[in-house]
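J.: Here is my input, please return the structure:
(one chain, ligands or ions: 2)
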Amino acid sequence: MTRKELFKNTLRKSVHAWKLINELPLSDDESLMLRHFMDQPGFLDLHWRMFVPAIKGQGTEEQKQKWLPLANKMQIIGCYAQTELGHGSNVQGLETTATFDPQTDQFILHSPTQTSSKWWPGGLGKVSTHAVIYARLITDGKDHGVHGFIVQLRNMDDHSPLPGITIGDIGVKFGNGAYNSMDNGFLMFDKFCIPRDQMLMRLSKVTREGKYVPSDVPRQLMYGTMVSVRQTIVSNASIAMARAVCIATRYSAVRRQFGSQNGGIETQVIDYKTQQNRLFPLLASAYAFRFVGEWLKWLYTDVTQRLEASDFATLPEAHACTAGLKSMTTSATSDGIEECRKLCGGHGYLWCSGLPELFAVYVPACTYEGDNVVLQLQVARFLMKTVSQLGSGKAPAGTTAYMGRAKHLLQCRSSIRKAEDWLNPAMVLETFEARALRMAVSCANNLSKFENQEQGFSELLADLVEAAIAHCQLIVVSKFIVKLEGEIKGKGVKNQLKNLCYIYALHLIHKHLGDFLSTNSITSEQASLANHQLRSLYTQVRPNAVALVDAFDYTDHYLGSVLGRYDGNVYPKLFEEALKDPLNDTVVPDGYHEYIRPLIKQHLRSARL
Ligand SMILES: CCCCC/C=C\C/C=C\C/C=C\C/C=C\C/C=C\CCC(=O)SCCNC(=O)CCNC(=O)[C@H](O)C(C)(C)COP(=O)(O)OP(=O)(O)OC[C@H]1O[C@@H](n2cnc3c(N)ncnc32)[C@H](O)[C@@H]1OP(=O)(O)O
Ligand SMILES: Cc1cc2nc3c(=O)[nH]c(=O)nc-3n(C[C@H](O)[C@H](O)[C@H](O)COP(=O)(O)OP(=O)(O)OC[C@H]3O[C@@H](n4cnc5c(N)ncnc54)[C@H](O)[C@@H]3O)c2cc1C
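T.: Numbering: from 1, shown residues only. Ligands and ions are numbered 1, 2, ... in the order given. As a prediction, the model looks like this:
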């Protein structure tokens, strides 16, 4: 499809989905499933996942009563317009202004520079009638920083932009199809006025007289919508990873190369240890991200309930966990999808493998909802704060509880003696805890050598990100282990999940061996025992690998992959797909008479001479 056709088709699908949700009707969870099966980014994502939650989280009761019924019935369509051409990560650096005018009781929204243009918001370019806009609030000449406002963008009769608003699509993005179904947009305000009651005022307020009343709750609650979406992105990572792994695993069982003597049957590529060493950790990651996603959903629900009761104690941890896990899982999933493409050899590069489009649509997850490095630095700040408070009497809680055992973890030596010890949950956990704590403490020690903490932080950014990643990996491993300790129906299933859990943990040890050795969390002998155990786990997973991806229960239609077909009938179907290509509509291609024939004839003439 052309971009215009793709966009229009996405509108058609979205509206059809909305009709089904209402007619059947579907619950929230079922609607989310429908979104997965629709399998295309579109304006509904931003309306439901960001616009509505922003009003719910930051609006007053009156604002919610006014706007939510309209939004819930989709009588208005909204998006989340925060990022600007000049600033995305640095939210405090946004330039759009919202200046209160006491004469008219309105805010005047203005884009003072080109870099202040809103740039990227999904659904903004062509669809949304409304947006939650983030802009600097100015009253009486004083800048109070960034706040949210509900703004109507387009005329409700003919969809034209309202006077004072310039709006459009930012252009084609990475890949053919992929995220191009979405109208990511730009927007400029030219002294555009909105009534005062359209500032989202649950947190802070501007009175009729123009007095700014600051929030009596943490201002970070303004970032709540991002926390909520980051949490869902972790579960989505599992879905995308599982999809790629399903394709690569099934195809690896079908594909045969080498290994035959005297023309006998060749080896299935899945039987090569190198293939297993690349594939099975990804299979394990798909399960690991699902379990950590379930846990994160619980954490998010818990913090939301606490916030409603004005208990803000767990907000920093919820922020660190959502930011860090969003970052870690999306980076691993993007890399994993690309690895799956390579695991499928040349055919993985074909569009009909399903992997190129999956990669193209998935990879912006490393950037949207917070650049992955920027988010790990938030985790690092949280960790540095936690380390600095050790010994102050305030015991670390939640995912940093292990730091409360700093004395032991800083000096303990791993008691792994034989390969099977690497299947001991307590020993594995302690190894990850020791590594994470030692990396964090080492950063904190290095930071303390700087007179200026911020300067030290800047200098040590790369080390801090590594420490943050180590902490996030510990969370994923620990939540997998907790899952195993819970109720799992069927001993066989439990055994398989156990294998995957230890593959996940041991492959991380192998991948980040430098961290584990340099922090003395393990010795090189213990590392080689881990490798030995990993190989043995691969052998145990091998007979069940296809069943473990079948368990994701993806239909062929959803997978959209010739290589990942359930029936394994890959080769005839590759031919069928090839023959569908428009280039094969004619035997002699368009352009033959114009370019190829004259070229060949010229050679023939010169040959005769
Ligand atoms: C192929 C398969 C896919 C299947 C998909 C299927 C279905 C999908 C279904 C649904 C889709 C679901 C979701 C997708 C929907 C939409 C996604 C699409 C588009 C994405 C939209 C966006 O990108 S919106 C824009 C997002 N922008 C960002 O994320 C900006 C990143 N920057 C920031 O967040 C912040 O500015 C910052 C955190 C980097 C720094 O903030 P700053 O104010 O400067 O703060 P600091 O000084 O550093 O810290 C101050 C203080 O605040 C704490 N803090 C910061 N953030 C938060 C927070 N969010 N919550 C709580 N606390 C926070 C920080 O820790 C500091 O604390 P201390 O003072 O105590 O240290
Ligand atoms: C597909 C897609 C959809 C989007 N949808 C929306 C939307 O609906 N609404 C919306 O408001 N926004 C949206 N965005 C914007 C998105 O949220 C931002 O692009 C994202 O937050 C990253 O910000 P940035 O582009 O400013 O990156 P930058 O911050 O400019 O990042 C550039 C580089 O600088 C590095 N960097 C930046 N700051 C630091 C630092 N402090 N320390 C170390 N390194 C640093 C980053 O790691 C990165 O390598 C979308 C983006 C994409 C790609």
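
J.: okay, now the residue of the chain found nearest ligand 2: neighbour count?
T.: The chain approaches ligand 2 most closely through G88 (2.4 Å), counting by C-beta to the nearest ligand atom. Glycine gets a C-beta too; all of them are placed from N, C-alpha and C. The local packing count at G88 equals 18, with neighbours defined by other C-beta atoms under 10 Å.

J.: before we move on, what about the one 4 residues further on?
T.: In terms of burial, Q92 registers 8 neighbours under the definition other C-beta under 10 Å.

J.: Can you list phi and psi of it for me?
T.: phi -70, psi -10 (degrees, to the nearest 10).

J.: From the contact counts, what lies against the longest helix along the chain?
T.: Longest helix in the chain by number of residues (criterion: DSSP state H): helix 273-308. Judged by 3 or more C-beta pairs under 8 Å, 6 or more residues apart in numbering; DSSP states H and E, helix 273-308 is in contact with helix 224-254, helix 315-343, helix 461-485, helix 491-511, helix 524-541, helix 545-550.

J.: ok so, going back, mind checking the SS state of the residue of the chain closest to ligand 2?
T.: coil (DSSP: H, G, I helix; E, B strand; the rest coil).

J.: dump the residue contacts of it.
T.: Q82, W120, D371 (C-beta atoms under 8 Å, 6 or more residues apart in numbering).

J.: Of these, which is the most crowded?
T.: Neighbour-wise, these (other C-beta under 10 Å) top out at Q82, 25 neighbours.

J.: Help me confirm that that one comes into contact with L124.
T.: No - with contact defined as C-beta atoms under 8 Å, Q82 and L124 do not form a contacting pair (10.7 Å).

J.: any common contacting residues for these two?
T.: K118.

J.: Report how many residues lie close to K273.
T.: 13.

J.: tell me the pLDDT at it?
T.: We have a pLDDT of 97 for K273.

J.: dump the residue contacts of it.
T.: R535, Y538.

J.: any idea how far Q376 is from E454?
T.: Between E454 and Q376 the computed distance is 17 Å (C-beta to C-beta, to the nearest Å).

J.: In terms of neighbours, single out the busier of these two.
T.: Shown here are E454 and Q376; by other C-beta under 10 Å, Q376 has more neighbours (27 against 9).

J.: Would you quantify the distance from the more buried one to D463?
T.: Following C-beta to C-beta, the distance that separates Q376 from D463 is 11 Å.

J.: what residues does stretch 476-483 touch?
T.: By C-beta under 8 Å, 6+ apart, stretch 476-483 touches 287-289, 291-292, 295, 325, 328-329, 425, 428-429, 432, 497, 500-501, 504-505, 508.

J.: brain fart, stretch 429-440
T.: Contacts for stretch 429-440 (C-beta under 8 Å, 6+ apart): 383-384, 386-387, 402-403, 405-406, 409-410, 412, 414, 416, 463, 466-467, 470-471, 473-474, 477-478, 481, 505, 508-509, 512, 515-516, 519-522.

J.: Let's see that with 6 Å instead.
T.: Applying C-beta atoms under 6 Å, 6 or more residues apart in numbering, the set of residues contacting stretch 429-440 from outside is 383, 387, 402-403, 409, 414, 467, 470-471, 474, 477, 515-516, 519, 521-522.

J.: next one: stretch 319-326
T.: With C-beta under 6 Å, 6+ apart, stretch 319-326 has contacts from V227, R230, Q231, I233, V234, L296, L375, Q378, V379, F382, A468, C472.

J.: out of those, who's near ligand 1?
T.: Checking the contacts of stretch 319-326 against ligand 1 by C-beta under 6 Å from any ligand atom, the ones in range are V227, I233, Q378.

J.: show me what contacts the last one?
T.: Q378 makes contact with A323 under the criterion C-beta under 6 Å, 6+ apart.

J.: ok, Q455 - how many residues close by?
T.: 11.

J.: Can you list the buried residues in the helix or strand where it lies?
T.: Secondary structure assignment for Q455, by DSSP states H and E: helix 453-459. Across helix 453-459, burial judged by 16 or more other C-beta atoms under 10 Å covers G456, F457.

J.: Now do it: distance to the chain's middle.
T.: How far helix 453-459 lies from its chain's middle: 28 Å, per C-alpha atoms, centre = their mean, to the nearest Å.

J.: close to ligand 2, is it?
T.: No - using C-beta under 6 Å from any ligand atom, helix 453-459 stays clear of ligand 2, with a minimum separation of 8.0 Å.

J.: Can you show me the CA trace of that helix as CSV?
T.: C-alpha atoms of helix 453-459 as CSV (Å, rounded to 0.1, in the frame of the first residue of the first chain):
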residue,chain,number,x,y,z
GLN,A,453,28.1,15.3,42.3
GLU,A,454,26.4,16.4,39.0
GLN,A,455,29.8,16.6,37.3
GLY,A,456,30.7,13.2,38.7
PHE,A,457,27.4,11.8,37.5
SER,A,458,28.1,13.1,33.9
GLU,A,459,31.6,11.7,34.0
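
J.: Thank you kindly, that will do.
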